[in-house]
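Engineer: What follows is a protein structure lacking sequence information:
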């Protein structure tokens with residue numbers, strides 16, 4: 001950049017002849033400029049930056065610190081790159097000995113204009129630097145994702161003998177991300193303790209955010225609890241940390257505690273809380289937060305509206321999601337993706353396509369990789385096999401400008417598997433340009449379980465156990481496949497392998513919300529305070545439903561037992577306990593919402609359909625992969641999942 005400036009002045013007589021000499025400049029302007037020109041401050045305050053630059057040229061060597069500071073600050077605020085270059089060039093041309101402050105402002109200017117190389121050149125050429133100069137350059141790198149450069153410069157600063165201040169630490173911690181981020185962050189934390197800055201609000205907020213993003217939520221919470229005072233940034237960071245790690249109940253509990261302590265929040269805080277409520281599918285809680293946002297007129301930034309769309313979608317209320325989406329004055333690609341994913345998870349493949357076509361018609365936001373992933377997933381969950389394959393072919397031809405990734409290939413495997421084309425899915429995997437991931441093999445194994453393809457299931461299961469021997473889910477699905485095929489010896493063999501490797505299966509649990517309290521049930525749960533009442537209700541429901549045509553699907557019991565024992569096990573499934581609890585405690589006609597951490601079994605799905613039909617209730621079931629909306633005994637999934 002400095003070479004360009006030199007070139008600029010070598011041709012200055014051709015471009016700006018009035019800056020060749022100070023005396024010549026004054027003669028030139030007698031007829032073209034007012035005799036008493038306004039001050040730089042006046043020109044800047046009236047928005048006349050170009051006139052201010054002309055006045056700078058007229059003043060020549062008479063320009064001083066205050067004048068340069070005024071005009072340079074205007075260039076920074078407007079991100080006026082060419083104009084700022086002229087100011088810098090003028091300093092060089094007039095041999096102005098810029099103090100550290102003005103050189104630092106140049107660093108800030110160039111980083112604001114996304115010219116990091118120019119900013120770094122200014123820093124490197126400074127005869128004297130202070131902590132603000134170093135921090136400005138570190139901040140420029142950090143904000144633009146150049147983490148290694150920021151960390152290297154921080155080390156260089158320490159070696160120069162310059163002591164970091166609180167802003168330096170708060171800034172450099174944001175670059176402690178990725179594979180080695182936690183190690184770097186831990187070392188910086190030690191230095192922070194040594195410098196006695198750990199309890200500073202800015203440093204503490206950055207520290208706890210760094211630990212949370214590294215998945216070290218206990219360390220993050222320790223820093224948070226140690227802060228002598230907390231602000232909205234630190235509170236939001238810790239709540240967001242819990243929510244992003246899927247620790248939704250902990251995030252909600254902390255939010256409630258801080259509310260009681262009188263902490264105020266901003267729109268980012270509410271977006272984080274809504275993320276936690278989405279994970280819990282806590283509809284009443286989410287609606288209460290939405291009401292609070294409306295009542296206190298919290299600014300409806302796009303990020304908050306996107307979170308509301310996602311929350312209502314994951315709580316099973318697409319009507320509310322679409323209402324927010326339709327009233328947005330501005331939509332980002334994240335807005336479109338949130339709505340598309342919502343329709344996809346609810347099995348509304350045709351709605352996915354309608355919205356995708358609307359997105360392309362409006363042509364305001366370009367579809368990205370996640371957009372196409374949501375559309376392909378909608379085809380998979382909605383049974384639209386042919387349309388999904390067509391879209392994938394279009395992606396291969398780069399029609400939408402999105403190159404297929406391993407996730408898109410995984411969607412096609414899932415689509416073929418759900419459609420029962422297990423052999424075709426396996427061939428597709430073999431021809432992929434990527435090495436198949438655990439998720440892709442797992443998707444195919446699940447399809448083998450549903451469609452009872454033992455041969456391919458054994459092959460896929462073997463692949464998974466070699467790649468991920470510690471994942472209990474792989475053992476369970478393979479065991480379920482053998483059990484469904486009546487191969488009990490193989491079931492026993494898999495269970496013995498799990499014992500040998502000390503692999504523990506995640507217990508199935510279902511929960512439902514009542515008066516903003518989540519009631520959780522496990523299979524054959526005996527811990528809930530109203531367990532006897534709930535079990536009694538399940539038995540009564542089973543007897544009544546049998547009269548209406550319900551037949552227990554004993555294939556869902558994966559043990560070699562007699563039919564009576566199998567039926568008893570089925571009655572203890574967590575989904576049935578949650579449904580019974582909902583029937584007991586909600587008024588007639590009110591919808592029942594149940595969430596499950598694993599995939600819902602076929603028998604519980606049938607049981608829920610009878611709840612809807614016999615009691616004339618709308619039932620919403622959300623498992624780990626999708627929604628089931630059941631009205632009058634008919635499910636939105638079309639019994640296809």
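Structural biologist: Yep, that arrived. Remember, it's a predicted structure, so these values are computed and weren't measured experimentally. Residues are numbered from 1 along each chain as shown.

Engineer: burial count for residue 527?
Structural biologist: 8 (other C-beta atoms under 10 Å). C-beta coordinates here come from the backbone N, C-alpha and C atoms, glycine included.

Engineer: any idea which helix or strand carries it?
Structural biologist: Following DSSP states H and E, there is no helix or strand that holds residue 527.

Engineer: Grab the most central residue of this structure for me.
Structural biologist: Centrality entry for the chain: nearest residue to the mean C-alpha point is residue 244, 7.3 Å, by C-alpha atoms, centre = their mean.

Engineer: There's contact between that residue and residue 209 in this structure, I believe.
Structural biologist: No. If you go by C-beta atoms under 8 Å, residue 244 and residue 209 don't touch, sitting 10.5 Å apart.

Engineer: which other helices and strands contact the helix ranked longest in the chain?
Structural biologist: For the chain, the longest helix by residue count, based on DSSP state H, is helix 531-547. Under the contact criterion of 3 or more C-beta pairs under 8 Å, 6 or more residues apart in numbering; DSSP states H and E, helix 531-547 touches helix 563-571, helix 574-585, helix 602-615.

Engineer: okay, now the domains of the chain?
Structural biologist: With domains defined by automatic domain parsing, the chain comprises 230-329, 331-404, 410-505, 510-635.

Engineer: Give me the nearest residue to residue 610, chain neighbours excluded.
Structural biologist: Distance criterion C-beta to C-beta, 6 or more residues apart in numbering; nearest residue to residue 610, sequence neighbours excluded, is residue 545 at 4.2 Å.

Engineer: Now do the longest helix of the chain against helix 602-615, angle only.
Structural biologist: Counting by axes from the mean of the first three to the mean of the last three C-alpha atoms, to 10 degrees, helix 531-547 points 80 degrees away from the direction of helix 602-615.

Engineer: Could you check which helix or strand contains residue 452?
Structural biologist: Going by DSSP H and E, residue 452 is not in any helix or strand.

Engineer: ditto for residue 629
Structural biologist: strand 627-631.

Engineer: Show me what that strand is packed against.
Structural biologist: Against strand 627-631 (3+ C-beta pairs under 8 Å, 6+ apart) you get helix 602-615, strand 619-622.

Engineer: Flag every buried residue along the longest one.
Structural biologist: Same thing as helix 602-615. Buried positions in helix 602-615, judged by neighbour count with 16 or more other C-beta atoms under 10 Å: 603-613.

Engineer: for the helices and strands packed on helix 531-547, which one sits closest to residue 177?
Structural biologist: Of all the helices and strands packed on helix 531-547, helix 574-585 sits nearest to residue 177, with 37.7 Å by C-beta to C-beta.

Engineer: Poorly predicted segments of this structure, please.
Structural biologist: The model of the chain has pLDDT under 70 over residues 1-38, 40, 45-46, 179, 555-562, 640-641.

Engineer: show me what contacts residue 288?
Structural biologist: By C-beta atoms under 8 Å, 6 or more residues apart in numbering, the residues touching residue 288 are residue 516.

Engineer: in a strand, that's where it is, yeah?
Structural biologist: No. Residue 288 sits outside any strand when classified using DSSP: H, G, I helix; E, B strand; the rest coil, being helix.

Engineer: Distance of it relative to residue 573?
Structural biologist: Residue 288 sits 30 Å away from residue 573, going by C-beta to C-beta, to the nearest Å.

Engineer: related to what we said a few turns ago, among the buried residues of helix 602-615, find me the one that's closest to residue 514.
Structural biologist: Using C-beta to C-beta, those come closest to residue 514 at residue 611, 16.3 Å.

Engineer: and that closest one, what is it in contact with?
Structural biologist: Per C-beta under 8 Å, 6+ apart, neighbours of residue 611: 541, 579, 583, 592, 617, 619, 630.

Engineer: Quick one: which of those is the most crowded by neighbours?
Structural biologist: Greatest neighbour count in the contacts of residue 611, by other C-beta under 10 Å, goes to residue 579: 30 neighbours.

Engineer: That one contacts residue 610, doesn't it?
Structural biologist: No. At 9.9 Å, residue 579 and residue 610 do not qualify as touching, with contact defined as C-beta under 8 Å.

Engineer: For those two, list the residues in contact with both.
Structural biologist: Applying C-beta under 8 Å, 6+ apart, one finds that residue 579 and residue 610 are jointly contacted by residue 541.

Engineer: and residue 95, how far is that from residue 119?
Structural biologist: Per C-beta to C-beta, residue 95 is found 22 Å from residue 119.

Engineer: that older thread, of the contacts of residue 611, closest to residue 446?
Structural biologist: residue 630 (22.0 Å).

Engineer: residue contacts, that closest one?
Structural biologist: So residue 630 contacts 608-609, 611-612, 618-621, 636 (C-beta under 8 Å, 6+ apart).

Engineer: same check, this time on residue 384
Structural biologist: The contact partners of residue 384, by C-beta under 8 Å, 6+ apart, come to 349-350, 353, 378.

Engineer: what do you get for residue 197?
Structural biologist: Counting by C-beta under 8 Å, 6+ apart, residue 197 has contacts 166, 169, 203.

Engineer: same thing but at 10 Å, please
Structural biologist: Residue 197 makes contact with 164-166, 168-170, 191, 203-204, 207 under the criterion C-beta atoms under 10 Å, 6 or more residues apart in numbering.

Engineer: With residue 438 instead?
Structural biologist: Shown in contact with residue 438 (C-beta under 10 Å, 6+ apart): 463-464, 467-468, 471, 473-474.

Engineer: distance of it from residue 292?
Structural biologist: For residue 438 relative to residue 292 (C-beta to C-beta), the value is 41 Å.

Engineer: again with residue 505
Structural biologist: Separation of residue 505 from residue 292 (C-beta to C-beta): 39 Å.

Engineer: go on, residue 375?
Structural biologist: 34 Å.

Engineer: Between those two, which is the more surrounded one?
Structural biologist: Using other C-beta under 10 Å, the more surrounded residue of residue 375 and residue 292 is residue 375, with 31 against 14.

Engineer: wait, doesn't that one sit right on residue 411?
Structural biologist: Yes. Judged on C-beta atoms under 10 Å, residue 375 makes contact with residue 411 at a distance of 9.0 Å.

Engineer: can you list residues touching both of these two?
Structural biologist: 388, 391-392.

Engineer: Among those, the buried ones, what's the PyMOL command?
Structural biologist: To isolate in PyMOL the members of these that are buried, counting by 16+ other C-beta under 10 Å, one can use:
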select buried, resi 388+391+392
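
Engineer: Now intersect the shared contacts of residue 375 and residue 411 with the helices, please.
Structural biologist: Using DSSP H, the shared contacts of residue 375 and residue 411 in helices are 388, 391-392.

Engineer: Distance to residue 357 added to these, as a markdown table?
Structural biologist: A markdown table is the format used below for those (distance: C-beta to C-beta, whole Å):
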| residue | distance to residue 357 |
| --- | --- |
| 388 | 15 |
| 391 | 12 |
| 392 | 17 |
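
Engineer: With respect to residue 302, which of those is nearest?
Structural biologist: Among those, and counting by C-beta to C-beta, the member closest to residue 302 is residue 391, at 26.7 Å.

Engineer: I'd guessed that closest one sits against residue 349; true?
Structural biologist: No. Assessed by C-beta under 10 Å, residue 391 is found out of contact with residue 349, at 11.3 Å.

Engineer: Residue 595 sits in which helix or strand?
Structural biologist: Per DSSP H and E, residue 595 falls inside strand 592-596.

Engineer: That strand - which strands sit beside it in the sheet, and in what orientation?
Structural biologist: strand 509-514 (antiparallel), strand 619-622 (parallel) (DSSP bridges).

Engineer: Which helix or strand lies directly C-terminal to the longest one?
Structural biologist: On the C-terminal side of strand 509-514, the closest following helix or strand by DSSP H and E is strand 517-522.

Engineer: which residues sit against that following strand?
Structural biologist: With C-beta under 10 Å, 6+ apart, strand 517-522 has contacts from 248-249, 252, 280-282, 284-285, 507-513, 527-531, 534, 572-582, 585, 594-597.

Engineer: One more pass at 6 Å, please.
Structural biologist: Contact with strand 517-522 is made by 507, 509-512, 574, 577-578, 581, as judged by C-beta atoms under 6 Å, 6 or more residues apart in numbering.
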